[in-house]
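> Below is the structure, and that's it, no one-letter string:
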């Protein structure tokens, strides 16, 4: 891995920024350079939310991801908006519960995962984001326990320690589906 | 850590125990962080009723010799203008943070660099400058905050951190391991005489023009020393460069991506990144003007720093602008196009 640019997109409340932060901390725990840049402002109030994450083994230039290697689309407007921007040969992860259409591009890999559906079935309706992140790590060959534990301990505060177990379960669900 | 939080924590490490502010996107995390931390360390966090009130509270604390700061974003900094001028007139050290957003007017809330003129050419009425520091990473948000306090105390003037929405909102790893120099003695501070000395007075009103002129000349003597000793910049791949790109803050990060790509295509291009915007790093541009065939200024504005670049390079080579404005950020592709165009002689 030299540099991987991730773009997470969905609507406010899906944990888009959280999942990006998790992946950035995981990259950091594995001695990479990382950057995390959220969209901010009025569009977050019920509208679209997105964040750029870059994980690299060399110094990171611009923290803005305009041609993602990996796009995680958690609603239709996000797929519509960012599908064309994905680098050729890149990968798109689609929450197929919420997005009915297929990806049109033929020069990218695509994974459809029933993330929101799985989250609801497993009584963790707020963790569709982590299910999809589990899938991302599994497909990118980066699902390893040490990094995951280190990152979860950073993004989940002590006050919410009871959520650790659910997040781990969600990541594993993503990996297996 | 977010850039805004890095500024707040670095300020605390630098010994700042007084923060006054008024919320405005995209810098509100600084105030939020201070609100949480200051009470725990015996400091003072106060959300003022307005930006104008906040800057005058800063004036008050600065007069007592304590390290003090305020932060805001573009329209809020305009409101602080009067106070900035008073601080300058009374030679008071303080740190001001501007996490810029698009303008003019209330503008938008997305990142911008369009307060360059305001920051570097004074910031309000009267003859004065602020030391203006432009961070390009979350680490520098912290480093330059500490540096800003040190310079402010050293020269008895305000330092400004001129960041932008991206720098404030992004997270990067940051090391907060600082060796902070203790604040110098401040015999001028209005901190109580204990009946052992004459009263100190801090004031910016001088009704005698002779006296006011003398104060201004003295201040500008000090500015000369700062220009000679405190200029900071970074050069990237300038050794053999035939084209020079210049940019500060977030624009320099985008420019580096474009430069790396251009180098892959065999174009000899480098970067001069001013870190102090005032004092402006004249020397590297003077040198570059003898070496390169043109300079490209990449800015998130309609072209403000470009004027200083032209002055510094004495217009010996063409200087072109590559910009977006109003909260938009140039893409590496746009900068690369500008480099290729100049390489093909497009600038002439």
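That came through fine. Here the structure is a predicted model, which is why all the values come from computation and not from measurement.
> going forward, measure contacts between C-alpha atoms and count neighbours the same way
Fine.
> quick one: the residue of chain A most remote from its centre from chain B, how far?
No residue in chain A has its C-alpha farther from the mean C-alpha position than residue A:159, which lies at 23.6 Å (CA atoms, centre = their mean). Distance check for residue A:159 against chain B: by CA to the nearest CA, to the nearest Å, it reads 16 Å.
> you'd agree that residue is in a helix?
Yes. With DSSP: H, G, I helix; E, B strand; the rest coil as the criterion, residue A:159 is part of a helix.
> wait, what's in contact with it?
Listed by CA atoms under 8 Å, 6 or more residues apart in numbering or on different chains, residue A:159 has no contact partners.
> Identify the residue nearest residue B:66 in space, chain neighbours excluded?
Using CA to CA, 6 or more residues apart in numbering or on different chains and skipping the chain neighbours, the partner closest in space to residue B:66 is residue B:16 (7.4 Å).
> The residue farthest from the centre of chain A and residue A:128, how far apart?
According to CA to CA, to the nearest Å, residue A:159 and residue A:128 sit 21 Å apart.
> In the stretch 51-200 of chain B, what residue spans correspond to strands?
For the stretch 51-200 of chain B, applying DSSP state E, counting those that start in this stretch gives strands covering B:68-72, B:94-100, B:131-133, B:158-164.
> For residue A:25, which of the ones you listed is the nearest?
strand B:158-164 (23.6 Å; CA to CA).
> Check which helices and strands the closest one sits against.
helix B:81-89, strand B:94-100, strand B:131-133, helix B:138-155, helix B:249-264 (3 or more CA pairs under 8 Å, 6 or more residues apart in numbering or on different chains; DSSP states H and E).
> Briefly note if the second one comes near chain A.
No. Using CA under 8 Å from any CA of the partner chain, we find that strand B:94-100 stays clear of chain A, coming within 13.7 Å at best.
> and the angle for that strand with strand B:68-72?
Interaxial angle of strand B:94-100 relative to strand B:68-72 (axes from the mean of the first three to the mean of the last three CA atoms, to 10 degrees): 10 degrees.
> what does strand B:94-100 rub up against?
B:26-27, B:58-59, B:62, B:67-74, B:77, B:111-115, B:145, B:148-149, B:152-153, B:157-165, B:167-168.
> ditto for the longest one
Helix B:138-155 has contacts (CA under 8 Å, 6+ apart) with B:1-4, B:6-7, B:9-11, B:13-14, B:67, B:93-95, B:131, B:133-135, B:158-161, B:163, B:167-168, B:170-176, B:180-181, B:183-184, B:222.
> mind listing what's buried in it?
B:138-153, B:155 (16 or more other CA atoms under 10 Å in any protein chain shown).
> Give me the secondary structure label for residue A:37.
Three-state call for residue A:37 (three-state DSSP): strand.
> That one contacts residue A:62, doesn't it?
No. Contact criterion CA atoms under 8 Å: residue A:37 and residue A:62 do not qualify, at 10.3 Å.
> Can you add mean pLDDT and give the helices and strands packed on strand B:158-164 back as CSV?
Converted to CSV, these look like this (pLDDT from 0 to 100):
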stretch, mean pLDDT
helix B:81-89, 97
strand B:94-100, 98
strand B:131-133, 98
helix B:138-155, 98
helix B:249-264, 97
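> Rebuild those as a markdown table, extending it with distance to residue A:87.
What follows is the helices and strands packed on strand B:158-164, written out as a markdown table (distance: least, CA to CA, whole Å):
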| stretch | distance to residue A:87 |
| --- | --- |
| helix B:81-89 | 45 |
| strand B:94-100 | 31 |
| strand B:131-133 | 36 |
| helix B:138-155 | 27 |
| helix B:249-264 | 16 |
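> right, and those - which one's nearest residue B:207?
Closest of the helices and strands packed on strand B:158-164 to residue B:207 is helix B:81-89, at 12.6 Å (criterion: CA to CA).
> what angle sits between that closest one and strand B:158-164?
Using the same axes, to 10 degrees: helix B:81-89 against strand B:158-164 is 140 degrees.
> got the contact list for helix B:81-89?
With contact meaning CA under 8 Å, 6+ apart, helix B:81-89 is reached by B:52, B:55-56, B:59, B:93, B:123-126, B:128-130, B:157-158, B:203-205.
> Show me how to select, in ChimeraX, the buried members of those residues.
Buried members of the contacts of helix B:81-89, defined by 16+ other CA under 10 Å, are picked up in ChimeraX with:
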select /B:52,55,56,59,93,123,124,128,129,130,157,158,204
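> Inside helices: which ones of the contacts of helix B:81-89?
B:52, B:55, B:56, B:59 (DSSP state H).
> Which single one of these is nearest to chain A?
Nearest to chain A among the ones in helices among the contacts of helix B:81-89: residue B:52, at 24.4 Å, using CA to the nearest CA.
> how close does the closest residue to that closest one other than its chain neighbours sit to residue B:20?
Spatial nearest neighbour of residue B:52, excluding adjacent residues (CA to CA, 6+ apart): residue B:80 at 5.3 Å. Noted for residue B:80: a distance of 12 Å to residue B:20, by CA to CA.
> Give the residues shared as contacts by those two.
residue B:55.
> which bits of chain A sit near chain B?
Close to chain B, as judged by CA under 8 Å from any CA, chain A has residues A:28, A:33-38, A:40-41, A:61-63, A:66.
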